[in-house]
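Novice: Give me the fold of what follows.
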Amino acid sequence: MSPTKSGLQREVLALYRRQVLVALRMARTKPPHAQPKFTLFVRYNFHIQATSISPRNVAAIEHLLRRGRRQIEMYESSSIKDCQISQTMMDWQQAWSSSRHHYGVQTS
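Specialist: This is a model prediction of the structure:
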């Protein structure tokens, strides 16, 4: 059983989930050839940011959420049609997909 979360922890988690959903919806508004790149970009950046700080560092978490929200707003612009994906991002995706298959989780 997971420990009970404080009100602030629940609020931060809810905000994070909302931002992930908004970011993934934003990716679907892009041209079909760019959608997988935007989805990878969003997932990779959220993962890297989430693992880079302590879960107890509320100020840093709130800062990253605000920064993420501004980034999403910028990428939502219809003038942005594509994004650059690094080899590191592609390697991370490959490792992430492999680990999900290893544990029996189906990916789409």
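
Novice: all contacts plus neighbour counts: C-alpha atoms, from now on.
Specialist: Fine.

Novice: The longest helix along the chain - contacts with which helices or strands?
Specialist: Determined from DSSP state H, the single longest helix within the chain is helix 7-28. Under the contact definition 3 or more C-alpha pairs under 8 Å, 6 or more residues apart in numbering; DSSP states H and E, helix 7-28 sits against helix 35-51, helix 58-75.

Novice: Residue 98: which of those helices is closest?
Specialist: Nearest to residue 98, of all the helices and strands packed on helix 7-28, is helix 35-51, at 15.0 Å by C-alpha to C-alpha.

Novice: about what we covered before: in the longest helix of the chain, what counts as buried?
Specialist: For helix 7-28, the neighbour count (16 or more other C-alpha atoms under 10 Å) marks 12, 16, 19, 20, 23, 24, 26, 27 as buried.

Novice: Could I get those in JSON lines, plus columns for pLDDT and distance to residue 91?
Specialist: Listed next are the buried residues of helix 7-28 as JSON lines, based on pLDDT from 0 to 100; distance: C-alpha to C-alpha, whole Å:
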{"residue": "12", "pLDDT": "70", "distance to residue 91": "29"}
{"residue": "16", "pLDDT": "74", "distance to residue 91": "24"}
{"residue": "19", "pLDDT": "77", "distance to residue 91": "24"}
{"residue": "20", "pLDDT": "79", "distance to residue 91": "21"}
{"residue": "23", "pLDDT": "81", "distance to residue 91": "21"}
{"residue": "24", "pLDDT": "84", "distance to residue 91": "20"}
{"residue": "26", "pLDDT": "87", "distance to residue 91": "23"}
{"residue": "27", "pLDDT": "88", "distance to residue 91": "20"}
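
Novice: Fine, thanks again, bye for now.
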